[in-house]
Structures are given as structure tokens and as C-alpha cells.
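*Asks:* following is a predicted model, sequence given first.
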Amino acid sequence: QVHLVESGGGSVQAGGSLRLSCVASKFTQSRAWFRSGPGKEREVVGIHFARDVPAYSAPVKGRFTISRDEAENTLYVQMKSLTPGDSAVYYCAAGNGFTWSPSMWSYWGQGTHVSVSS
């Protein structure tokens with residue numbers, strides 16, 4: 001069992017930045033950020049697999065940066081140029097493979113809210 005705890009959510013104005021953190025209770029090969037906006041299905045934000053360069057979904061590529069501190073078992077996402085469309089609950093996930101499908105990830109955090117006002 002892997003426990004994940006996200007932090008760093010909040011309310012910002014459009015164009016602002018936030019950094020989310022996710023601490024895991026143990027190491028897993030893959031870590032990822034997903035989000036679930038109002039009335040939307042959970043979608044991938046980005047995936048950090050092993051020591052590969054993170055992969056990002058199209059809506060966030062160029063604006064979000066995922067990084068990982070293996071010593072602290074912590075995954076980060078630095079979000080900049082935020083828009084109201086980025087408002088969502090952001091979830092951290094952990095697993096041992098590479099997949100864009102939320103259903104294939106084994107472990108999830110409780111989520112942290114991000115609200116972007118115009």
C-alpha cells in the first residue's frame with residue numbers, strides 16, 4: 001500500500017502560478033498528476049516514469065512542469081499561466097507502469113483544490 005498526500009492547492013487569479021506537492025509513503029516507479037474539473041472526467045496532467053523526461057497532456061504542455069525528489073518521495077507540479085480552465089481537483093497517483101488511463105493507476109491521493117478566477 002502506498003499513501004499519497006497532496007498539498008499546495010488554493011485560489012489564484014488568471015495568469016498566476018501555484019506549485020503542488022505530493023508526498024508518497026514509499027517509492028514507486030511511476031508517479032503522475034491528474035485533475036478533475038467541474039463536470040469533467042478525470043484527465044491526466046502529466047506522468048513521471050522512472051527517470052524519463054515527464055510527459056504532459058496537450059492542455060498543460062509548456063505551462064506546467066513536473067519534477068520529482070526521489071530522496072523525499074515527493075512529486076511536484078509547478079503550474080504557471082493558469083487559466084480558469086485549469087480549475088479542478090488535482091490528484092496525485094502512483095504505480096509501476098506508464099499509462100494515460102486513470103483506471104490503471106493503483107494508488108491515489110485525496111486531491112487538492114485549485115481555483116483560478118478570471
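*Replies:* Alright, I've got the coordinates.
*Asks:* now the residue nearest to the spatial centre of the chain: which helix or strand?
*Replies:* Note on the chain: the residue nearest the mean C-alpha position is Trp33, at 2.3 Å, using CA atoms, centre = their mean. Assigned by DSSP states H and E, Trp33 falls within strand 30-36.
*Asks:* would you mind pulling the contact partners of the helix or strand just after that strand?
*Replies:* Tracing the chain C-terminally past strand 30-36 and defining elements by DSSP H and E, one meets strand 43-49 next. With CB atoms under 8 Å, 6 or more residues apart in numbering as the test, strand 43-49 has contacts from 29-37, 54-57, 60, 64, 66-68, 75, 77, 90, 97-98, 100, 102. The C-beta positions use only the backbone N, C-alpha and C, and glycine is treated the same way.
*Asks:* just the buried members of the residues you listed?
*Replies:* 30-35, 37, 54, 56-57, 60, 64, 66, 68, 75, 77, 90, 102 (16 or more other CB atoms under 10 Å).
*Asks:* what sits closest to the residue nearest to the centre of the chain if chain neighbours are left out?
*Replies:* Nearest in space to Trp33, with sequence neighbours left out and distances taken as CB to CB, 6 or more residues apart in numbering, is Val45 at 4.0 Å.
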